[in-house]
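J.: Compute the structure for the input listed below.
(2 chains)
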Amino acid sequence: MIESSPAVQAAVQGQLGESMKSGSGKAFDRKNRLLFYNSTFKVVCICSAIFVCLILFSILIFMFRTGVLTFKTVPLTTFLFSTDWSPETETYGAFVFIFGTFALTALTLLFSVPLSVFVAVFLAEMAPKWLRNLLRPILDLLVGIPSVVYGFLGLTLLLPKLRDWAQVDLSDGILAGAIVLSIMILPTISRISDDSISAVPQKYRDASYALGATRFHTIVRVVLPSARSGILYAVILGMARAIGETMAIVMVIGNTPQLANALFKPTSVLTSNIVMQIPNVPFDSTWNYALYMMGFLLLFISLLMIVVIRLLQRKGASR
Amino acid sequence: MQALIEIDRLNLFYGTFHALKNISMKIPEKAITAFIGPSGCGKSTLLRTLNRMNDMIPGTQIDGTVSIAGADIYGKDIDVETLRKKVGMVFQQPNPFPKSIYDNVAYGPRLHGITSRQKLDEIVENSLRGAALWNEVKDHLKRSAFSLSGGQQQRLCIARALAVEPDILLMDEATSALDPISTLKIEELAQELKERYTIVMVTHNMHQAARVSNQTVFFLNGEVVEYSETEKLFSNPEDQRTEDYISGRFG
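T.: As a prediction, the model looks like this:
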């Protein structure tokens, strides 16, 4: 042990104690500077969050405020449930478009979710390393392709092929739309699912194999349920993209306000109808308001579907 | 005691690394055999050859024979899934599935085709009793397995392994991530289980090997240095290296 006189000890302790105190005596010393930085940083973060919320709410309010003027002349039930959309005679029934949006989204998810999950499982669990390293960047690139390119290819390649295959005069409609959208959102869903499947700890797989499970059982009963929340998140992102997609859909949907009660029947959805008609409407007309109301509905539908999937997620997590 | 597992001139390579060198041993039935040795000496590798978990590591090559109850488990006619059902395993880290306690234990039986609710209930109860966990969890079987403590999770993993009615239980440093009290519980459990199962355990803890096992194998650099009755190995080792290791001079 090192002996030291009480005086030296006191001096050392004094130094240590002093070094933790703030007082250089100046007005803007270290302590005050830190306090200033911390509080500034906090304020900036809070302001950014408030700013984002503000933008979101003002969009909602603006769409709603203009859209709700529709109901001065058109009853709500007509707007929601009538299939008759004829601006010439001042009849605005948007059911065709609402139904079209739901049908198109559902059909798209029906095609793309299983396929994407298979792709993700293949990538994460089965593909040899070199193939995985090749496919992942390719899928990442596909995510970034502009939707107008998908629409254009759908128009020039898919529609003629569908016409020949199904022996119909016009192949425009929700089937063509759903195929284009499925291809479009497939990379998004499969890459995010792939990441969440890869993040499932190896020890779960080991435990399953050690109990005598095959690879199929392990994937279906352990890996996919564990990755469920990530896969549902991927589906939300894909679906949000599909619901709001406009350009690709305008080119293949047919743009005719008739109910999509068949796979090959030119129809219209909320987005395509808005974009086709908005350039022609008089500024202060019911027609204009009705289009705004459709935009608001679109927002509302995508929020609704996100909430539904979130609930599914919650339910899965608590199991 | 009869030998249940016979290993004959086993060599194992990971790529070019010679992990197990010319290993031959007989592991007796209904007893606890402990593998001890410093890190990287091959004891876990040998344990994982017994249920062929090494198959999944690319670049693994095996030569020599491992037979269980007379059947060569690396033979062409062996079904790996059935082998793993017969040779259960408990890992170093408790690894329950992110499911309920009940579903964790029922996972194996369901896998092997049991669907009757009544039969499953019975298996779950018996397995949890077998793993000395039943009294602690019987009132909340529907709760997530993650709500249990580390020691309870490890006993749940033992229950999960018992639920498929194995003959052999492999424990790969099953207590190294646990606190002393949980460790003691699992050691007591192992003592009970050896009445019905053949247990092979890998351990870093020499005192554990001395406390619970009947036979002890000492590994060094992929070779078996000494294999004998636990009491003899710890009190009167034949090899100088064994003595150095158990007296704490290296490793």
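J.: following whichever strand or helix holds residue B:224, which helix or strand shows up next?
T.: Using DSSP states H and E, residue B:224 falls within strand B:223-229. Per DSSP H and E, the first helix or strand lying C-terminal to strand B:223-229 is helix B:230-235.
J.: Tell me which other helices or strands that next one touches.
T.: helix B:206-212, strand B:215-220, helix B:240-246 (3 or more C-beta pairs under 8 Å, 6 or more residues apart in numbering or on different chains; DSSP states H and E). To be clear about C-beta, it is placed using only N, CA and C from the backbone, and glycine gets the same treatment.
J.: mind running it again at 7 Å?
T.: Under the contact definition 3 or more C-beta pairs under 7 Å, 6 or more residues apart in numbering or on different chains; DSSP states H and E, helix B:230-235 sits against helix B:206-212, strand B:215-220.
J.: element containing the residue in the stretch 101-250 of chain B that chain A sits nearest to, please.
T.: Chain A sits closest to residue B:108 of the stretch 101-250 of chain B, with a gap of 4.3 Å, by C-beta to the nearest C-beta. Following DSSP H and E, one finds residue B:108 within helix B:101-111.
J.: next SSE after that helix?
T.: helix B:117-130.
J.: What parts of the stretch 201-319 of chain A come near chain B?
T.: Proximity of the stretch 201-319 of chain A to chain B, by C-beta under 7 Å from any C-beta of the partner chain, involves residues A:203-204, A:206-207, A:209-214, A:217, A:222, A:226.
J.: Tell me which residues touch residue B:6, please.
T.: Going by C-beta atoms under 7 Å, 6 or more residues apart in numbering or on different chains, residue B:6 touches B:26, B:67.
J.: same check, this time on the one 5 residues further on
T.: The contact partners of residue B:11, taken as C-beta under 7 Å, 6+ apart, are B:20-22, B:63-64.
J.: how about 8 Å then?
T.: Residues in contact with residue B:11, defined by C-beta atoms under 8 Å, 6 or more residues apart in numbering or on different chains, are B:18, B:20-23, B:62-64.
J.: Look up the closest residue to the spatially most central residue of chain B, ignoring the ones flanking it.
T.: Centre of chain B computed as the mean C-alpha position; nearest residue by C-alpha atoms, centre = their mean is residue B:170, 1.5 Å away. Excluding its sequence neighbours, the residue lying closest to residue B:170 (C-beta to C-beta, 6 or more residues apart in numbering or on different chains) is residue B:89, at 4.5 Å.
J.: same check, this time on residue A:295
T.: Residue A:295 sits nearest to residue A:63 (C-beta to C-beta, 6+ apart), 5.2 Å away.
J.: swap in residue A:218?
T.: Closest residue to residue A:218 apart from its sequence neighbours, by C-beta to C-beta, 6+ apart: residue A:208 at 4.2 Å.
J.: need the contact list for the residue nearest to residue A:295.
T.: Counted by C-beta under 8 Å, 6+ apart, residue A:63 has contacts A:292, A:295-296, A:299.
J.: picking up where we left off before, buried subset of the residues of the stretch 201-319 of chain A next to chain B, written for ChimeraX?
T.: Buried residues within these, by 16 or more other C-beta atoms under 10 Å in any protein chain shown, are selected in ChimeraX with:
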select /A:204,206,207,209,210,211,212,213,217,222,226
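J.: So which of the residues of the stretch 201-319 of chain A next to chain B are in helices?
T.: Members of these lying in helices (criterion: DSSP state H): A:203-204, A:206-207, A:209-210, A:217, A:226.
J.: ok, which residues in chain B are in contact with chain A?
T.: Within chain B, the positions near chain A by C-beta under 8 Å from any C-beta of the partner chain are B:51, B:53, B:56, B:81-85, B:88-89, B:91, B:93, B:95-100, B:107-108, B:111-112, B:157, B:160-161, B:164.
J.: Just the buried residues of the residues you listed.
T.: B:51, B:53, B:81, B:83-85, B:88-89, B:91, B:93, B:95-100, B:107-108, B:111-112, B:157, B:160-161, B:164.
J.: what about stretch A:122-135, near chain B?
T.: No. Using C-beta under 8 Å from any C-beta, stretch A:122-135 never reaches chain B; the gap is at least 9.2 Å.
J.: hmm, who's touching that stretch?
T.: With C-beta under 8 Å, 6+ apart as the test, stretch A:122-135 has contacts from A:136, A:190, A:194, A:197-198, A:215, A:219, A:223.
J.: Repeat that for stretch B:81-94.
T.: Outside stretch B:81-94, the residues that touch it by C-beta under 8 Å, 6+ apart are A:203, A:206-207, A:209-214, B:50-53, B:68, B:73, B:108, B:112, B:150, B:153-154, B:156-158, B:161-162, B:164-174, B:176-178.
J.: wait, is residue B:4 part of a strand?
T.: Yes. Assignment of residue B:4 by DSSP: H, G, I helix; E, B strand; the rest coil places it within a strand.
J.: Nearest residue to residue B:132 in space, please, no chain neighbours.
T.: Closest to residue B:132 by C-beta to C-beta, 6+ apart is residue B:189, at 5.2 Å.
J.: Quick one: mean pLDDT for the helix or strand that neighbour falls within?
T.: Here residue B:189 sits within helix B:180-193, counting by DSSP H and E. For helix B:180-193, mean pLDDT is 89.
J.: Which strands or helices does that helix pack on?
T.: If contacts are counted by 3+ C-beta pairs under 8 Å, 6+ apart, helix B:180-193 sits against helix B:150-162, strand B:198-202, helix B:206-212.
J.: could you redo the last one with a cut-off of 7 Å?
T.: Packed against helix B:180-193 by the contact rule (3+ C-beta pairs under 7 Å, 6+ apart) you find helix B:150-162, helix B:206-212.
J.: Fine by me, thanks again.
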